[in-house]
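K.L.:
here you go, sequence then predicted model.
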Amino acid sequence: MDKLKQSKPSYIGHRQRIKTKYGKSGLNGWLDYEVLELVLSYAIPRKDTKSIARELLLRFKSINGVLDADNRDLQSINGISKHTALFLNLLKDVSVLYMEERMFGRDLLSSPQVVYDYLKVSLKGLMDEGFMMLFLDNRNQLIAMETLKNGTVNQAIVFPRKIVERALYYNAVGVLVAHNHPSGSLEPSQEDQEVTKDIREALKTVDITLLDHIIIGGNEFFSFKENQIEIE
């Protein structure tokens with residue numbers, strides 16, 4: 001019996017201790033590698049996950065970086081299987097859904113931080129540019145949102161007519177648009193400004209207002225409206 005106890009892997013007791021710790025006090029005061037170690041324990045049942053967690057942070061710099069990482073890049077880390085990479089992808093997607101649900105049923109023009117937080121979670125970390133549209137009713141509440149197109153690394157092709165079509169489909173009164181800069185830059189390019197003007201003018205023809213154009217770069221954002229760049 002004693003031999004059986006001695007042969008029990010040491011990580012099993014440690015794994016139970018960190019789960020108990022989380023159950024008692026949440027993640028308050030935890031280091032990033034400890035959080036990842038606990039997360040990985042649910043996807044990797046029979047292995048010490050501490051070294052894997054540290055390797056992930058060494059490669060991707062932060063928990064955000066790990067969750068934003070491409071599936072193939074995750075699998076390049078020793079100990080991360082396809083199953084585990086999908087599990088980490090799932091965590092990111094669940095967080096996007098969580099932030100998305102917070103936007104419904106409220107005046108988004110009076111709660112812009114909710115919009116910024118959602119867009120940062122949705123768009124940051126993408127290797128290519130993604131362009132999103134949020135359609136609002138006459139109370140500035142969210143009706144629906146769509147991703148129009150994934151572009152190349154440095155270009156998202158936007159069709160103002162398509163935005164108008166989707167806005168009319170949802171009977172929207174106002175539209176918020178957003179895209180990311182994979183480079184992390186927040187500076188709106190000349191093309192960004194021209195596209196914004198084209199979208200604004202196209203929506204005006206059907207009495208729909210372009211409410212803002214938001215650029216996501218890294219974990220920050222740039223708002224045309226907040227920076228008083230003409231959009232209406």
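P.N.:
Alright, I've got the coordinates. The model shown is predicted, which means the values in this text are computed figures rather than measured ones.

K.L.:
what about the strands in the chain?
P.N.:
Per DSSP state E, the chain carries strands over the ranges 130-136, 142-150, 174-180, 209-217, 220-223.

K.L.:
tell me the domain ranges of the chain?
P.N.:
Listed domain ranges for the chain are 2-97, 106-223 (source: automatic domain parsing).

K.L.:
so which residue is dead centre in the chain?
P.N.:
Closest to where the C-alpha atoms of the chain average out (CA atoms, centre = their mean) is residue 121, at 2.2 Å.

K.L.:
ok, the residue lying closest to residue 211 once chain neighbours are set aside to residue 69 distance?
P.N.:
Residue nearest to residue 211 in three dimensions, not counting chain neighbours: residue 174, with 4.5 Å by CB to CB, 6 or more residues apart in numbering. For glycine as for every other residue, the C-beta is placed from the backbone atoms N, C-alpha and C. From residue 174 across to residue 69, the span is 35 Å (CB to CB, to the nearest Å).

K.L.:
with residue 36 instead?
P.N.:
In terms of CB to CB, residue 36 sits 12 Å off from residue 69.

K.L.:
now do residue 216
P.N.:
Taken as CB to CB, the span from residue 216 to residue 69 is 17 Å.

K.L.:
next one: residue 164
P.N.:
Relative to residue 69, and taking CB to CB, residue 164 is found at 36 Å.

K.L.:
about what we covered before: just checking, the residue nearest to the centre of the chain touches residue 94?
P.N.:
No - counting by CB atoms under 8 Å, residue 121 stays clear of residue 94, with 10.5 Å between them.

K.L.:
shouldn't residue 186 be in contact with residue 221?
P.N.:
Yes - counting by CB under 8 Å, residue 186 touches residue 221, with 7.2 Å between them.

K.L.:
which one of these two is surrounded by more residues?
P.N.:
Remark: of residue 186 and residue 221, residue 221 carries more neighbours, 22 against 15, as counted by other CB atoms under 10 Å.

K.L.:
pLDDT at that one, what is it?
P.N.:
At residue 221, the model reports a pLDDT of 92.

K.L.:
ok, now which ones touch the closest residue in space to it that isn't next to it in sequence?
P.N.:
Counting by CB to CB, 6+ apart, residue 116 is the residue found nearest to residue 221 once chain neighbours are left out, at 4.9 Å. When contacts are counted by CB atoms under 8 Å, 6 or more residues apart in numbering, residue 116 touches 214, 221, 223.

K.L.:
quick check, nearest of those residues to residue 14?
P.N.:
Closest approach between the contacts of residue 116 and residue 14, by CB to CB: residue 221, at 39.6 Å.

K.L.:
what distance do you get for the nearest residue to residue 70 once chain neighbours are set aside to residue 181?
P.N.:
Nearest residue to residue 70, sequence neighbours excluded (CB to CB, 6+ apart): residue 127, at 6.7 Å. For residue 127, the distance to residue 181 (CB to CB) stands at 12 Å.
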